[in-house]
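Trainee: Here is a sequence together with a model predicted from it:
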Amino acid sequence: MQSGTVRGQDRPAGWHVEAVTTDSPDQAEIRELTRSILADRAPDDRVARLDESETFDEEFYRHLGAAGLIGLDADPAAGADADPRHEIVVLEELGAGHTSMAVCLVVQYMALRLLSHYGGDDQRKRVLVPLAEGRGRAAFALSEEDGGTDIARAMRTKAVRDGAGWVLTGRKTWISGAATAGHAIVLARTSEEIRSAIDGITMFLVPLDADGISVRVLDTAGIHGLDTCEVTFDDVRLDDSTVLGEAGAGFRQVIGTLNGERLNAAAVALGIARGALRSAIEYASQRQAFGRSIGSFQALQHGLVDGAVQVESARGLLTRAAEAAHAGDGRSEALSAMAKVAAADAATDITDTGMRVMGGAGYSREYPMQRYFRDARLYTFAPLTNEMLRNFIGERWLGLPRSY
Ligand SMILES: Cc1cc2nc3c(=O)[nH]c(=O)nc-3n(C[C@H](O)[C@H](O)[C@H](O)COP(=O)(O)OP(=O)(O)OC[C@H]3O[C@@H](n4cnc5c(N)ncnc54)[C@H](O)[C@@H]3O)c2cc1C
């Protein structure tokens, strides 16, 4: 039923978009491993079924963990992060072949980074190590109903001191994977006195089965293979050991890891763009009109070619941003923002082209294009909106006055 998406093993002749020439030997190895797991464990009809039934692919997640693709080369015991140049390869491949799983991994990679930088010995042992091995999952709960972009000002979730512990109340919204994760990293306001844009907020590592927590799955347009949730905290009692990092400095700590999340979101968007481009080209090569394949019409070819240009451009930027992040070059923040904007724009443009190239078939759930089209929207606004990233690039790359 499904037109094929992305499987490295069966490249059509003349198709170069998946042959990534910039890979280092390590990246090439990780890419091939991810592709072979996708080919073996996530055929298109399985991914489509999971999307239709809105089910998380637990089995596939465990395989990723067993293959070492979640912890990658991180050393949780030593607090050392995985190489960002490796994370983006896994995520590009999953973005193309199993998008909801890629979104799940963006959250896991972020949780691993936060736990590895700020987790105490006990938090690392109990949560970080199983996470790195694919035996557990965490959600990341920052956004609230009153604001995602300006969340520090809009945040109403608070934790109040109570003896040796805390009482957490409030509600987080749009939280990926909270219905299926064991823990959530929750940001809550813990001080009104030092209420500034970013101070007075604390990170907590909260077990999601604690008394007073309720999780409601939200109905979203895309990413149906991963639950998106509202999480309510109703006088949840937490002991001091749940504080992650320094009390009052949680938002600053998160900002320090956002660069990695931007890079990783860009990698998933790039994968969506690439998967959709391949689907569109396969369809255009087979579909006949006026006695020839529709892919032979120049009007359609130009749209597909523009898509290929966007994929290669976004990957070039992403590679440069990941190299800068690895080298500790401060410019990586603006480069990652550029890569995320470029990849998100590529994904929305190419899925739109794909829908047009496929005519009525693009609209059909028999084909993956509509899924790519729905899923691509996520990275136009998450984890940060493209408008905010453009604001940031204006300030940090062009030296323009801050616009927000
Ligand atoms: C499927 C899904 C999964 C998600 N997963 C998570 C998760 O796991 N954890 C989590 O914490 N959050 C998650 N989010 C939330 C996501 O990060 C937010 O949706 C995002 O940060 C945008 O916030 P918002 O939706 O409140 O938009 P708003 O902040 O209300 O923004 C609305 C519009 O205003 C624009 N805008 C605001 N300020 C400016 C400005 N200064 N200049 C220009 N434009 C501006 C924005 O760009 C946007 O276009 C998820 C969301 C979805 C839908």
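Mentor: Great, that's in hand.
Trainee: From Gly79, how far out is the closest residue to the ligand within the chain?
Mentor: With C-beta to the nearest ligand atom, the shortest gap between the chain and the ligand falls at Gly148, namely 2.0 Å. (Glycine included, C-beta is placed from N, CA and C.) Using C-beta to C-beta, to the nearest Å, we find Gly148 at a distance of 29 Å from Gly79.
Trainee: Counting neighbours, go ahead and name the busier of those two.
Mentor: Gly148 (18 against 14; other C-beta atoms under 10 Å).
Trainee: for that one, what are its contacts?
Mentor: Listed by C-beta atoms under 8 Å, 6 or more residues apart in numbering, the contact set of Gly148 reads Leu142, Trp174, Phe381, Ala382, Thr385.
Trainee: Swap in 10 Å and give it another go.
Mentor: Leu142, Ala154, Thr173, Trp174, Phe381, Ala382, Pro383, Leu384, Thr385, Met388 (C-beta atoms under 10 Å, 6 or more residues apart in numbering).
Trainee: picking up where we left off before, and the pLDDT for the residue of the chain closest to the ligand?
Mentor: At Gly148, the model reports a pLDDT of 90.
Trainee: How about Asp10?
Mentor: On the pLDDT scale, Asp10 gets 57.
Trainee: Helix, strand, or coil at Ile185?
Mentor: strand (DSSP: H, G, I helix; E, B strand; the rest coil).
Trainee: Tell me, how many residues neighbour the closest residue to it other than its chain neighbours?
Mentor: Counting by C-beta to C-beta, 6 or more residues apart in numbering, Phe140 is the residue found nearest to Ile185 once chain neighbours are left out, at 5.1 Å. When neighbours are counted by other C-beta under 10 Å, Phe140 registers 26.
Trainee: right, and Phe140 touches Ala111 too?
Mentor: Yes. Phe140 is within contact range of Ala111, at 6.0 Å (criterion: C-beta atoms under 10 Å).
Trainee: export the worst-scoring helix or strand of the chain on mean pLDDT as CSV, just CAs?
Mentor: Ranked by mean pLDDT, DSSP states H and E, the helix or strand of the chain with the weakest confidence is helix 151-154, at a mean of 90. Only the C-alpha atoms of helix 151-154 are listed here, as CSV (Å, rounded to 0.1, in the frame of the first residue of the first chain):
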residue,chain,number,x,y,z
ILE,A,151,7.5,30.9,29.3
ALA,A,152,9.7,32.4,32.1
ARG,A,153,7.3,35.3,32.5
ALA,A,154,4.2,33.1,31.9
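Trainee: quick one on the thing from earlier: the ligand next: which of the contacts of Gly148 are close?
Mentor: Leu142, Trp174, Phe381, Ala382, Pro383, Leu384, Thr385, Met388 (C-beta under 6 Å from any ligand atom).
Trainee: Strands - which of those residues land there?
Mentor: Trp174 (DSSP state E).
Trainee: In a markdown table: the ones next to the ligand among the contacts of Gly148, plus pLDDT.
Mentor: Formatted as a markdown table, the ones next to the ligand among the contacts of Gly148 follow (pLDDT from 0 to 100):
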| residue | pLDDT |
| --- | --- |
| Leu142 | 97 |
| Trp174 | 98 |
| Phe381 | 97 |
| Ala382 | 96 |
| Pro383 | 95 |
| Leu384 | 95 |
| Thr385 | 97 |
| Met388 | 97 |
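Trainee: Name the pair among the ones next to the ligand among the contacts of Gly148 with the greatest separation in space.
Mentor: For the ones next to the ligand among the contacts of Gly148, the farthest-apart pair by C-beta to C-beta is Trp174 and Met388; their separation is 15.7 Å.
Trainee: what about the helices in the stretch 251-400 of the chain?
Mentor: Ranges of helices in the stretch 251-400 of the chain, per DSSP state H, counting those that start in this stretch, are 258-286, 298-327, 332-357, 369-376, 378-381, 386-396.
Trainee: Now mean neighbour count too, for those helices, in TSV please.
Mentor: Output for these, formatted as TSV (neighbours: other C-beta atoms under 10 Å):
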stretch	mean neighbour count
helix 258-286	26
helix 298-327	18
helix 332-357	25
helix 369-376	25
helix 378-381	22
helix 386-396	17
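Trainee: a markdown table for those, including distance to Arg252?
Mentor: Listed next are the helices of the stretch 251-400 of the chain as a markdown table, based on distance: least, C-beta to C-beta, whole Å:
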| stretch | distance to Arg252 |
| --- | --- |
| helix 258-286 | 11 |
| helix 298-327 | 19 |
| helix 332-357 | 15 |
| helix 369-376 | 31 |
| helix 378-381 | 23 |
| helix 386-396 | 16 |
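Trainee: Give me the residues contacting whatever helix or strand Arg216 lives in.
Mentor: Counting by DSSP states H and E, the element that carries Arg216 is strand 213-217. Residues from elsewhere that reach strand 213-217, judged by C-beta under 10 Å, 6+ apart: 54, 139, 168, 171-173, 175, 178-181, 184, 186, 206-209, 227-234, 236.
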